[in-house]
Each structure stands twice: as C-alpha cells, then as structure tokens.
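>>> got a predicted structure here, sequence first:
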Amino acid sequence: MVRWISLFLLLISLSAEAKRFIVHHRAKNERGRAGSFALTTEKRSIITGASEAAVKSLFSNEEVVSIEEDIILEATLEPGDVGSGDTFYNQQWHYFETSGIELPSAWDITTGSQDIVVAIVDTGMTNHPDLQSKVIPGADLVSESAMAGDGDGRDNDATDEGDWITFSDSCFQGMNKDSSWHGTHVAGTVAAHSDNGIGVTGVSWNSKILPVRVLGKCGGYLSDIADGVRWAAGGSVAGVTNNQNPADVINLSLGGRGNCTTTMQSAIDFAVSQGAVVVVASGNDDQNLDFSSYVPANCRNVINVGASNRSSNRSYFSNYGSSVDIMAPGGDFSASVFSTSNDGTTVANRASYRGMSGTSMAAPHVAGVVALIKSVAPNLFPAQIENIIKESAKFVNCDESNGCGAGMIDAYSAIRLAEITVPDGSFQGTEPINPTPDTPGAQRLIASDDGGGMCGSVAFVDGGKPPKGGLGAFVLSLVLGLTLSLVQKATQRKF
C-alpha cells in the first residue's frame, strides 16, 4: 500500500497536463455462486494531473493491467441544451427518432456555418421570426406577370406573393386552392433559427438562406427555373442583378413529368461547375423512375431524394427507382414534416407553423445535411459529397428492388466521413440512368393534390404540338414536388 501511495504522489508531481487517467489493477479470480471462476469487483484507481509519459511508466508495475484516459463526455446537443429551446422541436420526429436522420449526434460536431449559403429555388419567402437574419438578398425569376402576382416581371424581390387558385386562373381545375407558402416551409427545414425559444429547428442552424422565386400561380416555366438555378450559382441572367452570394447548395423541391432538357441540364451543370451541390425532389407520383421520367430528378449531377415516413418505410407517394440516390423524411398521413409557414389563405398574413408531406419536404433535409458537411469540409467537390451521403446512409425499408437508393441519410455518419475525406476534383460519382436530354416524350397532363395554391397542370409538348387550353398550351411548366400537405392548424403558433 505504501508503494502505491508513493507512486501516485510521484506521478502527480510529474504532472505536465491536466488530464485524468483510469488505471486498472490486476484482480484475483474467485469462485462464483454457480461454481465457476469470475473476476472480483474491478480494481481501479484514478490519477489526475499526470502527464501521459508519467502514466505510461506505470506499466513497469506488474499489478497494472491497463490505463486509459478518463475523457469527458457530454449530453448529445439538442435545442434547449445551450439556449432556450424551440417550441415545436418535439414534433420534429424526422430529426431525432429512429426513423430520423441522426441530427442530435451531428450537432455535437457542427450546427452549420454562416459562410454556407443554401438557395431555395421555390415560391419565394415570407417574413418569419424563425428565419429573420437568415435570409440574404434573393431574386424573383418569374417572368410571366399573371403567374407572379406582383404586377411585374423579374426583379430582385423574392417575396412570396401567394399562389392561390380561383376559377379565374388558367389552371383552375374545379376547386379553389389556398396559397401554399411552400418556399417558406422548405427554408425552415434547411435552416430555421434554433434555441431561440420559438418554433422549429433547422437542420443547419447557422447557414444562410438565399430565396430564388421561380414558382407562382400554376407553377413555373422551365426556363425561369433553369435561370433560377444558374443565378443562384453566380451566373448572369436577364432581368435581375447578379447574385453577390453564390450558393453552396441549391434545393429544388419541384418537378414534373418529362425528360431532362438541355436547358435544365445546362443550368445544373453550370451550378456544379461552380462548386454547388444540387438537391432535387424525386416526385410524388408513386412511380418507378426507371420507366417514367420526372424532371429535374432525372437530370445528371443532382442528388435525387425520395421520401420516407415515421416507420422508416418509403412514403406511399414517393417516386422510386435506380435514379433515386438517397431517402429522407417526407412524412405521410401518419406524421408530417413540421416547419415554418404563414396563415394567409391568399396573400401573406401572420407567420405560423404547419406540417406538410412530400418529397418536397425530404429534399431540404438532404440540402441541410450538405450544408453541415460543407461547414466542416468546405473544399470537397459536389461528386464527393454525393458519394459521402450514399456511403454513410443507414437502413430504410423499401420493397422495391434497388428503388430507394443507398438508404436513409445519416447526418452524423456523413459528417464524420466528410471530415476524413481529401478533396479530389477528379472524383467521378455514379450518374443516374435517365433519358437523353430533349428526347421527345408522350404528351401528358397531370395534376397534383398539394395543399397550396398550385393546381399542378403540367403540359409536355410532343413533336411541337402543344395541348389545347391554358398556360400549358404554350410552354412546359413545372410544379412543386408536393402531392400531399397536412395542415396542422391546431398546433400553429402565430406571430
């Protein structure tokens, strides 16, 4: 005993670093109650304030079995641990439950960076306290004034003017629809303020939001959407001043049936060449994308996202197939994705929160995780980030063979893998199987059942012969990648 006391005192006197170590001592075997031999109660001691070199010298004593550093562990970071929490965080099952994307563990590493910009190419933005100071100057690329609802064409005001539908609108299909505030909902999932005492939590707490309005009443023209992607990445387009904050991530929670066109593919390729990661929704038609086309999900150089539900199954509405890269929570009737919104039925009124479901809701989870990855590894190339997301994915139930990509996105594992990945511009990721751009397709007219104002008429021209009637008689229009909105008005908080 005297020998051990003197040894401990010697180690403390040699201290060079303020560390703690656990010393395991040899224990004698004793016969247990069942007659077998078992180790006695573990014998160990704690040494504080000793240098590693001094502690290693303990191995010269035959009674020392092993030594390990007594490190400090912390509670997994969630809203409320370091701030005032978020009112509706407990409803965001898609972050922390088994069917979620492992965000609490990821937040132990990073909650995002203010240097990372995520473009929300969508319906624009409304004022919301959970997004204040997160939104940087954007643009309105809606070129048709009747769709824009603001009385003019393109400008640098990305305000969501509402996309409600009445009988007087060209895409009216027998039922009035309220405004969706879709872009505001998507933005909240990506980067809503966290630990501010109200509302919801964003995937990447500190990232900036770049609103790019390309959708209005009845959808958006493909040319406007492609220009929105190009502008978000720093390219010049007609009608607006250049973007001073090129996006690191571009989220496209929109789409429609058809082949990837040269116009769209060119815009995406430009964005990727500038270092932006393009994330798109797979669509909500419950279709196998190996046999049906959905643009821009079938374009090259994108991360194509399908939707899963609270049971870790593919959401019943989500498209699937070999071109899907990854799954993320999109909800369904049993549980929706809760995020920022507005309670105005036509024009914007008071800020609120509500649940919505669709691949539109799945995509911003992935965009947010990409923002977290770029926060710890800003020099990685888009193809590398896509590969990291696939390689680090976790299990998701999917009954279609190879129909749900690599599985469910795992934020924690993706960030860990990114931290040890060396930037490599020559890395080539796998591309989806998709039709050649501009390949003529059958003329189709589809409609979505989203809870917003978009009626979803999408006309695809075959052989240069447009279908009769409405806005679709002239050009291809795209609609939101959203077929189901679950509005939880009973739980809305208004400001």
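Alright, I've got the coordinates. Predicted, not measured: the structure shown is a model, and the values here were computed from it. Numbers count the residues shown, from 1 in each chain.

>>> centre of the chain to stretch 350-357, how far?
18 Å (CA atoms, centre = their mean, to the nearest Å).

>>> what comes up buried for that stretch?
Ala351, Ser352, Tyr353, Arg354, Gly355, Met356, Ser357 (16 or more other CB atoms under 10 Å). Bear in mind the C-beta positions are built from the backbone N, C-alpha and C, glycine included.

>>> next one: stretch 116-128
Within stretch 116-128, judged by 16+ other CB under 10 Å, the buried ones are Ile116, Val117, Val118, Ala119, Ile120, Val121, Asp122, Thr123, Gly124, Met125, Thr126, His128.

>>> next: stretch 46-59.
Result for stretch 46-59 [16+ other CB under 10 Å]: buried residues Ile47, Gly49, Ala50, Ser51, Ala54, Val55, Leu58.

>>> nearest to Ser341, of the residues you listed?
Minimum distance to Ser341 across those is 54.5 Å, recorded for Gly49 (CB to CB).

>>> thought that closest one was touching Phe21?
No: using CB atoms under 8 Å, Gly49 is not in contact with Phe21, being 9.7 Å away.

>>> touching both of these two, which residues are there?
Common contacts of Gly49 and Phe21 (CB atoms under 8 Å, 6 or more residues apart in numbering): none found.

>>> can you pull out the strands in the stretch 301-450 of the chain?
Counting by DSSP state E, counting those that start in this stretch, the stretch 301-450 of the chain has strands at residues 303-308, 326-329, 337-342, 351-356, 445-446.

>>> which one of those lies closest to Asp285?
strand 445-446 (7.4 Å).

>>> what mean pLDDT would you report for the closest one?
Across strand 445-446, pLDDT averages out at 22.

>>> and if you look at stretch 268-276?
Stretch 268-276 comes out at a mean pLDDT of 97.

>>> pull the residues that contact it.
119, 229-230, 232-235, 246-250, 278, 296, 299-302, 381-382.

>>> those in strands, which ones?
The strands, defined by DSSP state E, take in Ala119, Val249, Ile250, Val278 from the contacts of stretch 268-276.

>>> I'd like those residues as TSV, with distance to Lys208 appended.
Below are these laid out as TSV (distance: CB to CB, whole Å):
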residue	distance to Lys208
Ala119	10
Val249	10
Ile250	13
Val278	17
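
>>> which ones among the buried residues of stretch 46-59 map onto strands?
The strands, defined by DSSP E, take in Ile47 from the buried residues of stretch 46-59.

>>> distance to Ser323 and pLDDT added to the buried residues of stretch 46-59, as CSV?
As requested, the buried residues of stretch 46-59 are exported to CSV (distance: CB to CB, whole Å; pLDDT from 0 to 100):
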residue, distance to Ser323, pLDDT
Ile47, 57, 83
Gly49, 58, 77
Ala50, 57, 77
Ser51, 56, 77
Ala54, 59, 81
Val55, 55, 80
Leu58, 58, 83
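
>>> for the buried residues of stretch 46-59, which one is nearest Thr241?
The closest of those, once distances to Thr241 are taken by CB to CB, is Ser51, at 59.6 Å.

>>> one step back: among the ones in strands among the contacts of stretch 268-276, the buried ones, what's the ChimeraX command?
Buried residues within those, by 16+ other CB under 10 Å, are selected in ChimeraX with:
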select :119,249,250,278
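
>>> looking at the ones in strands among the contacts of stretch 268-276, which is nearest Ser413?
Nearest member of these to Ser413, counting by CB to CB, is Val249, at 18.8 Å.

>>> my read: the closest one touches Ile373, true?
No: look at Val249 against Ile373 with CB under 8 Å: they stay out of range, at 9.3 Å.

>>> alpha carbons only: can I get stretch 44-61 in CSV?
Provided in CSV are the C-alpha atoms of stretch 44-61 (Å, rounded to 0.1, in the frame of the first residue of the first chain):
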residue,chain,number,x,y,z
ARG,A,44,-9.1,0.6,-10.5
SER,A,45,-7.7,4.0,-9.4
ILE,A,46,-7.9,7.5,-10.8
ILE,A,47,-4.9,9.6,-11.4
THR,A,48,-5.3,13.3,-12.0
GLY,A,49,-2.9,15.9,-13.3
ALA,A,50,-0.3,13.5,-14.6
SER,A,51,1.4,13.7,-18.0
GLU,A,52,1.0,10.9,-20.5
ALA,A,53,4.6,10.0,-20.2
ALA,A,54,4.5,9.6,-16.5
VAL,A,55,1.4,7.5,-16.7
LYS,A,56,2.9,5.2,-19.2
SER,A,57,5.7,4.4,-16.8
LEU,A,58,3.2,2.7,-14.6
PHE,A,59,3.3,-0.3,-16.9
SER,A,60,6.6,-1.3,-15.3
ASN,A,61,4.5,-2.4,-12.3
